[in-house]
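*Asks:* What shape does this take:
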Amino acid sequence: MSNSRTRNSAKNVALGFAAQIIVLIINFITRTIFIHYLGAEMLGISGLYTNILSLLSMAELGFGNAIIYSMYRPIKNKDEKQIAALLNYYRRIYISIIGAIVVAGCILIPFLTYIVHSSLDNRDLIAYYILFLINTVCSYAFVYKTSIINAQQKMYITKIINVSVLVVQLLAQTTILAISQSYVAFLIVQICCTLLNNILCSAIANRMYPYIRQSASLQPSHKKEIKKNVSSIFLYKVSGTILNNTDNIFISMLVNTIAVGFYSNYYMVVSALSNIIFIFFNAITASVGNLMTEKDSEKQESVFMQLNYICFFITGFCVIELIAIFNSFITIWVGSDYLMDNNITIIIIINFYIYTMQNPIWTFRDTTGLFKDAKNDTILLAIVNIVLSFIMGKICGVFGILLATVVSRLLITSWHQPYLLYKKIFKHGYSKFISKQLLYVGIVLISSIPSVLINQFIIETTLLHTIIKAIIVAISTLLIFTITTYRTKEFTQCKNRIMQLIKSRNN
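*Replies:* I've put the predicted structure just below:
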């Protein structure tokens, strides 16, 4: 990647990381107040409806990814008319998407009683669901214009708007819960802020790129190409949505909705960590897309292996810390009554590692068009996950449902997508990549030993003891990671890239 691409990526990462930390802190404050005033059952309803509406959002079909992918070349060629045509086409598609979500959402209302196992009044449950549906529809209003900002490697601009509006939203929601305990008002504030965010992003896009408002149309051949890409991306979207959003639905149906509330606290923690890591990879997606236009497979593979190493270092570190302090954190945050069994905690951590370590693969998949070659995997993945979740959930409850997700990923996508990347893009076998992945797993296992031991010696769950454990484990993990990898090519390349970035900023 060139220095300019690296600087843009670094800016996206820095601002994205700062924004995520701010959002994370306020989210924890809001959830704490939410649990205090509304309880675990309402928390479960919130988590369940969020997942249901995420499934309905599959109507988006992956057009956002396809449009951004189609923008890389016209942006490089400074073809403003083609960019405007893409956005106009995108706008018309999103109008259809909004209509599809409304219809699908309304059709689902009579079936809520079969999904939600709650003591709350059915009329209230339907009212909450309708407000969630309205918010989902609003999330697609005007949002198509943000694609030009993101494709131009200026994602930090939308991130600043996102976090600013979200801060206002969360503060307002927290105040409402503290004063009135009204969940309806809580959701109405969310709807208003969703609209405000999209309107602001649209206005910024119009100001930065005024040419996008011209009335240009795509040629039929370009529409056909986008639809072809969408047909593949849609399958990935279905697969990812099912894997990430059906767990709560199965937990509600096979266990109870209160269990959804318990699990959602754990999921919020690992989701926050995943989002922080995703910020880095999302920020460099445009840079990788630019790199892929150079047709230098050796350089592309080198960058991929560097990204894979970075992903291991960050993800592995998070895994070791979770092993050490996850349950202590939950106890301090919301109380020991919200703790789940240790086997559930471990399977959540394993799933986090497997899921997050696929970020480099996803980045290259989405910027090379590789999604067209592995679309059948996603169908199989979705089917296997649904079947296993139902069977294992019946047998083992929450643990079985979460284990089904882990098994599904290991059986299908974790090995096949990197295989395709090496075969189609890098043009050789992927044994080197598999060896690296096994090495990284071994390092994580070795590094987890201090976490397990320290929990045997420090059993108190006070804030001070938890901080002490976190610091000791952080130091030991960084030492083990560095000692075991400092001789690798990826370590040296990443170190040199960081040093170059520091020098360029100082000049």
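*Asks:* Secondary structure element holding Glu460?
*Replies:* Assigned by DSSP states H and E, Glu460 belongs to neither a helix nor a strand.
*Asks:* Next up, the contacts around Arg409.
*Replies:* Leu243, Asn351, Ile354, Tyr355, Gln358, Leu381 (CB atoms under 8 Å, 6 or more residues apart in numbering). For glycine as for every other residue, the C-beta is placed from the backbone atoms N, C-alpha and C.
*Asks:* Can you list the buried residues in the host helix or strand of it?
*Replies:* Arg409 is part of helix 398-411, with elements assigned from DSSP H and E. Neighbour-count burial for helix 398-411, counted by 16 or more other CB atoms under 10 Å, picks out Val398, Phe399, Gly400, Ile401, Leu402, Leu403, Ala404, Thr405, Val406, Ser408, Arg409.
*Asks:* Quick check: closest non-adjacent residue to Ala178.
*Replies:* Spatially, and ignoring its direct neighbours in sequence, Ala178 is nearest to Ile33 (6.1 Å; CB to CB, 6 or more residues apart in numbering).
*Asks:* sorry, back to before: could you single out the nearest of the buried residues of helix 398-411 to Leu112?
*Replies:* The nearest member of the buried residues of helix 398-411 to Leu112, counting by CB to CB, is Ile401 at 19.9 Å.
*Asks:* Can you say which helix or strand has the residue nearest the centre of the chain in it?
*Replies:* The residue lying closest to the centre of the chain (CA atoms, centre = their mean) is Asn275, at 5.1 Å. For Asn275, the host element (DSSP H and E) is helix 257-283.
*Asks:* And for the residue nearest to Ala178, the neighbour number?
*Replies:* By the measure other CB atoms under 10 Å, the count of residues near Ile33 is 17.
*Asks:* Contact partners for it?
*Replies:* Shown in contact with Ile33 (CB under 8 Å, 6+ apart): Thr174, Leu177, Ala178.
*Asks:* Could you do Ile161 as well?
*Replies:* Contacts of Ile161 (CB under 8 Å, 6+ apart): Asn197, Leu200, Cys201, Ile204.
*Asks:* picking that back up, ok, which pair from the buried residues of helix 398-411 is furthest apart?
*Replies:* Most distant of those, by CB to CB, are Val398 and Arg409, 17.7 Å apart.
*Asks:* Out of the contacts of Ile33, which is nearest to Thr158?
*Replies:* When the contacts of Ile33 are compared for distance to Thr158 (CB to CB), Thr174 wins out at 24.0 Å.
*Asks:* Show me the helices in the stretch 101-250 of the chain, by range?
*Replies:* Along the stretch 101-250 of the chain, counting by DSSP state H, counting those that start in this stretch, helices occupy 112-115, 122-138, 146-151, 155-179, 183-208, 220-245, 247-254.
*Asks:* quick revisit: possible to save the buried residues of helix 398-411 as a markdown table with pLDDT?
*Replies:* Below are those laid out as a markdown table (pLDDT from 0 to 100):
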| residue | pLDDT |
| --- | --- |
| Val398 | 92 |
| Phe399 | 94 |
| Gly400 | 94 |
| Ile401 | 93 |
| Leu402 | 93 |
| Leu403 | 94 |
| Ala404 | 93 |
| Thr405 | 90 |
| Val406 | 91 |
| Ser408 | 89 |
| Arg409 | 88 |
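*Asks:* rewinding a little: among the helices of the stretch 101-250 of the chain, show me which one is buried the most.
*Replies:* Of all those, helix 247-254 carries the top mean neighbour count, a mean of 24, counting by mean count of other CB atoms under 10 Å.
*Asks:* Find me the pLDDT at the residue nearest to the centre of the chain, would you?
*Replies:* Note on Asn275: pLDDT of 84.
*Asks:* about what we covered before: quick check, nearest of the contacts of Ile161 to Ser70?
*Replies:* Proximity of those to Ser70 (CB to CB) peaks at Cys201, which lies at 19.8 Å.
*Asks:* OK, contacts around that closest one?
*Replies:* By CB under 8 Å, 6+ apart, the contact list for Cys201 reads Phe142, Val143, Lys145, Thr146, Ile149, Thr158, Ile161, Asn162.
*Asks:* Equivalent analysis for Phe281, please.
*Replies:* Phe281 is in contact with Leu307, Cys311, Asn359, Pro360, Trp362, Thr363, counting by CB under 8 Å, 6+ apart.
*Asks:* helices or strands up against the helix or strand harbouring the fourth one?
*Replies:* This means Pro360. Assigning secondary structure by DSSP H and E places Pro360 in helix 359-368. Secondary-structure packing of helix 359-368 (3 or more CB pairs under 8 Å, 6 or more residues apart in numbering; DSSP states H and E): helix 63-76, helix 257-283, helix 285-292, helix 297-334, helix 413-421.
*Asks:* Quick one: mean pLDDT for it?
*Replies:* On average, helix 359-368 scores 81.
*Asks:* Can you name the element that comes right after it?
*Replies:* Scanning forward in sequence from helix 359-368 by DSSP H and E, the next helix or strand is helix 375-396.
*Asks:* And that following helix, what's buried?
*Replies:* Residues 375, 377-378, 381-382, 384-386, 388-390, 392-393, 396 are the ones in helix 375-396 that count as buried (16+ other CB under 10 Å).
*Asks:* same for that helix, what does it pack against?
*Replies:* Applying 3+ CB pairs under 8 Å, 6+ apart, we find helix 375-396 packed against helix 220-245, helix 247-254, helix 398-411, helix 413-421.
*Asks:* Alpha carbons of it, as CSV, please.
*Replies:* Extracted in CSV, the C-alpha atoms of helix 375-396 (Å, rounded to 0.1, in the frame of the first residue of the first chain):
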residue,chain,number,x,y,z
LYS,A,375,-21.4,-18.2,-2.7
ASN,A,376,-22.5,-21.8,-2.4
ASP,A,377,-20.6,-22.1,0.9
THR,A,378,-22.9,-19.5,2.4
ILE,A,379,-26.0,-21.5,1.6
LEU,A,380,-24.6,-24.6,3.2
LEU,A,381,-23.4,-22.6,6.2
ALA,A,382,-26.8,-21.1,6.9
ILE,A,383,-28.6,-24.5,6.6
VAL,A,384,-26.0,-26.3,8.8
ASN,A,385,-26.2,-23.6,11.4
ILE,A,386,-30.0,-23.7,11.6
VAL,A,387,-30.2,-27.5,11.8
LEU,A,388,-27.4,-27.8,14.4
SER,A,389,-28.8,-24.9,16.5
PHE,A,390,-32.2,-26.6,16.7
ILE,A,391,-30.8,-30.0,17.5
MET,A,392,-28.1,-29.0,19.9
GLY,A,393,-30.3,-26.4,21.4
LYS,A,394,-32.9,-29.0,22.3
ILE,A,395,-30.2,-31.1,23.9
CYS,A,396,-27.8,-28.6,25.6
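*Asks:* Alright, I will stop here.
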